[in-house]
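Engineer: pasted the sequence and its predicted model underneath.
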Amino acid sequence: MNAWARMARPDALVWTALALAALVVAMPHLKPLFAALFPWLDRPLYEQDTFINLMLAHVAIVGASSIAAVVIGVAAGVFVTRPAGAEFRDIVETIAAMGQTFPPVAVLALSVPITGFGFQPALIALTAYGLLPVLQNTIAGLGAVPAPVREAARGVGMTRREILWRVELPLAAPVIVAGIRTSVIINVGTATIASTVGAKTLGSPIIVGLNGSNIAYVLQGAILVALLAVVLDLAFERLAAFLERWRRAA
């Protein structure tokens, strides 16, 4: 009965993802609704591009920047927790902190003269902005691995590389994933400003709406961005729970 009850229980992740997909597809058909809600607007629905294209572009830019932040952040975190890189830890953490405290709009403005308008400056800004949580949690996760566990691994003849891949990273995985989760969710919202430099994202209707005092456009973009953030957060929550069960079982 318990198993059947769990299967029949509504899944927040599945239902939220379905709601997001349905809203993206159905948004063009909601024009009469927005016209009724905002009768003073001549154009109550954003129609310069399809919301499907905007969603795919938004996910692509968040995905690419998050992958870059994870690769750089985890690699840097592993490096500064090794004896050979310990002396660079303060420098690496300072650079990562500067990347997040520096306003993304400023990074975009500095990147445009070098890379031009579009995807590339947004990728640079979002990668820099999402790097710190990944780096910090990688360092914290690896630092929390008990010394006796490392000693036991050495005692059975494991090399440093084997200890890292088979002991340290698996034990630190929940903490590292928590940092990745924070980074991705931050970038989902931050990616909206990438539209100011010509990148196609869900921020496009928001930026156009703000410039033209069209609250309907702003609402359409903001709802989709918020739902996307919720879906990803629930997915990471599911992943974190799985990793915690796996670690306890191991």
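Structural biologist: Cool, the structure landed.

Engineer: where's the residue nearest to the spatial centre of the chain relative to T127, distance?
Structural biologist: The centre of the chain sits closest to V184, judged by C-alpha atoms, centre = their mean, with a distance of 1.1 Å. Counting by C-beta to C-beta, to the nearest Å, the separation of V184 from T127 is 12 Å. Any C-beta I mention is one placed from the backbone N, CA and C, and that applies to glycine too.

Engineer: then A109?
Structural biologist: 16 Å.

Engineer: can you find the helix or strand in this protein with the smallest mean pLDDT?
Structural biologist: Ranking every helix and strand in the chain by mean pLDDT, DSSP states H and E puts helix 2-8 at the bottom, with a mean of 44.

Engineer: and the next element down the chain from that one?
Structural biologist: helix 12-26 (DSSP states H and E).

Engineer: and that following helix, what's buried?
Structural biologist: Across helix 12-26, burial judged by 16 or more other C-beta atoms under 10 Å covers 13, 16-17, 20, 23-24.

Engineer: of all those, which comes closest to E168?
Structural biologist: Nearest to E168, judged by C-beta to C-beta, of the buried residues of helix 12-26 is L13 at 29.5 Å.

Engineer: residues in contact with the closest one?
Structural biologist: 231, 234-235, 238 (C-beta atoms under 8 Å, 6 or more residues apart in numbering).

Engineer: same check on A26?
Structural biologist: Per C-beta under 8 Å, 6+ apart, neighbours of A26: none.

Engineer: before we move on, back to that, tell me which helix or strand the residue nearest to the centre of the chain sits in.
Structural biologist: Judged by DSSP H and E, V184 forms part of helix 169-190.
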